[in-house]
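Asks: build me a structure from this.
(chains A and B)
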Amino acid sequence: MTTLIIIVAAIFTNNILLASFLGMCSFLACSAKIETALGLGAAVIFVMTCTTAINYGIYYGVLVENAPLLKTDLTYLQFIIFIAVIAAFVQFVEMFVERFSPALYHALGIFLPLITVNCAILGASLFMIIRRYSLAQSVGFGFGGGVGWALAITLMAGLRQKMGYSHIPKPFQGVAIIMIITGVMAMAFMGFAGMVSIQ
Amino acid sequence: MSNSAPPAIGGACGQGLCGGKCKEILREGVWGNNPISIQILGVCSALAVTNKLENSIVMGVALIFVCAMSNLLVSLLRNATPRRIRMIAEVAIIATFVIVFDLFLKAFYFEMSKSLGPYVGLIITNCIVMGRAEAYALRNPPMMAVVDGVANGLGYAAVLVIIGFFRELIGSGKLLDIVVLSDNWYIPNQMMILAPGAFLALGFLIALANYIKPRQEEETK
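Replies: Modelled structure (predicted):
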């Protein structure tokens, strides 16, 4: 399976939001405006690509049995290590961006801390382990997953801006109608299903 | 459910172990302030594992366990934790209990552990657990925190079981792998097992909760 197939599959057929349901919380909370959605999407693409690479290195370099650095099997610690890596990385990126590009910091600033608790980021790392990807495939999956998530949230933001003009029955207002629209979007994305597939 | 004033959670609760507040906390967690249908927290796993009723039940149990235990520990350590690093401390505590549950599943129910995939690990980033630790356990004594954890876990489990029930029933005509709707006359609607069905089921459930809740509040007035 080549890396390119994984990237395309992660964006369309196995979209991390519409097929694996990851990152729903921030998807619901931050999809009201297209600009916000794009900003958060860009931050997710960046963080997801980098953390899958770092977590790959740590998992296969330290945690697995007979790893180059530590001979003991520490794979049961993967959850705690992964989440610590993600939190630390996000903190680091935040400081770095603040120091070197204040403009970008103001554009992304509020979204960066949110990303730590975005389950799509942790999910990408866990999928990478479960599906036994190589390093290139993992980074491709992280990148593709991020792009897929950004695509879904941007599409949703566009739809929600139009939705302001429609009459929605009272009980459905708010999250309920967003869920149902997401369901319809997921159906549309299932149309890609025959194209490529992973697992 | 319609015979009392709105319960004030997090107020004076020093009396006794729970001081008769247990019932209110439980009611609030399961219905009044249900984590999924009212607060819209922890939606990811609610969508992902509900394609079968069995998975929903196991995931509900997992969340009750993790939420109660992490609330207990966070509450016990609440006076010893410096404010600045409390988030990291909470995440570490939650991750510990998630690892315990994950290893338990792997040891005794390996098939289940495989079919839940990464979603057990993703309890760490489930906003319900973190939210309760941050909003409740940090300020309340251990017993109350455990009850609150169980209550919110139950609320989550209840929603999961409802969604799981309908998705498995409509999607495959089975319940807990036992054929209920025979395929002689019922054609399973595969869409309910796949991703779109999850979104639709949760969307309608939230709408239903929105529909019932204001009516009930009017009755109590």
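
Asks: so where's chain B uncertain?
Replies: Applying pLDDT under 70 to chain B flags residues B:1-20, B:214-221.

Asks: hmm, 80 instead?
Replies: Applying pLDDT under 80 to chain B flags the ranges B:1-46, B:51, B:81-88, B:117, B:125-127, B:131, B:134-138, B:172-193, B:213-221.

Asks: would you map the strands across it?
Replies: Taking DSSP state E, the strands of chain B run over residues B:174-175, B:178-179.

Asks: mean neighbour count and distance to chain A for the ones you listed - can I get that in CSV?
Replies: C-beta: built from backbone N, CA, C; applies to glycine. Output for the strands of chain B, formatted as CSV (neighbours: other Cβ atoms under 10 Å in any protein chain shown; distance: least, Cβ to the nearest Cβ, whole Å):
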stretch, mean neighbour count, distance to chain A
strand B:174-175, 16, 22
strand B:178-179, 8, 26
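
Asks: including distance to B:E90, could those strands go into TSV?
Replies: Conversion of those to TSV gives the following (distance: least, Cβ to Cβ, whole Å):
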stretch	distance to B:E90
strand B:174-175	37
strand B:178-179	40
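
Asks: quick one, what contacts A:K170?
Replies: Neighbouring residues of A:K170 by Cβ atoms under 8 Å, 6 or more residues apart in numbering or on different chains: B:N210.

Asks: check it and give its pLDDT.
Replies: Note on A:K170: pLDDT of 81.

Asks: tell me the spacing between the closest residue in space to B:G60 that isn't next to it in sequence and B:I64.
Replies: Nearest residue to B:G60 in three dimensions, chain neighbours excluded: B:A157, at 2.7 Å (Cβ to Cβ, 6 or more residues apart in numbering or on different chains). Remark: distance between B:A157 and B:I64 (Cβ to Cβ, to the nearest Å) = 6 Å.

Asks: more neighbours, the two?
Replies: Higher neighbour count among B:A157 and B:I64: B:A157, with 24 against 19, using other Cβ atoms under 10 Å in any protein chain shown.

Asks: what's around the closest residue to B:Y136 other than its chain neighbours, how many residues?
Replies: Leaving aside its chain neighbours, B:Y136 sits nearest to B:D148 (4.9 Å; criterion: Cβ to Cβ, 6+ apart). Close neighbours of B:D148, defined as other Cβ under 10 Å, add up to 27.

Asks: OK, contacts around B:D148?
Replies: If you count contacts by Cβ under 8 Å, 6+ apart, B:D148 has them with B:I9, B:I25, B:G29, B:N71, B:R132, B:Y136, B:A137, B:N140.

Asks: and what of B:A207?
Replies: Counting by Cβ under 8 Å, 6+ apart, B:A207 touches A:P169, A:P171, A:F172, A:A176, A:I177.

Asks: list phi and psi for the first one.
Replies: For A:P169, the backbone dihedrals (degrees, to the nearest 10) come out as phi -50, psi 150.

Asks: how about it: what's its closest non-neighbour residue?
Replies: According to Cβ to Cβ, 6+ apart, the nearest residue to A:P169 is B:A207 (7.9 Å).

Asks: pull up the gap between the one you found and A:M187, please.
Replies: For B:A207 relative to A:M187 (Cβ to Cβ), the value is 19 Å.

Asks: circling back: out of the contacts of B:A207, which are buried?
Replies: A:P171, A:F172, A:A176, A:I177 (16 or more other Cβ atoms under 10 Å in any protein chain shown).
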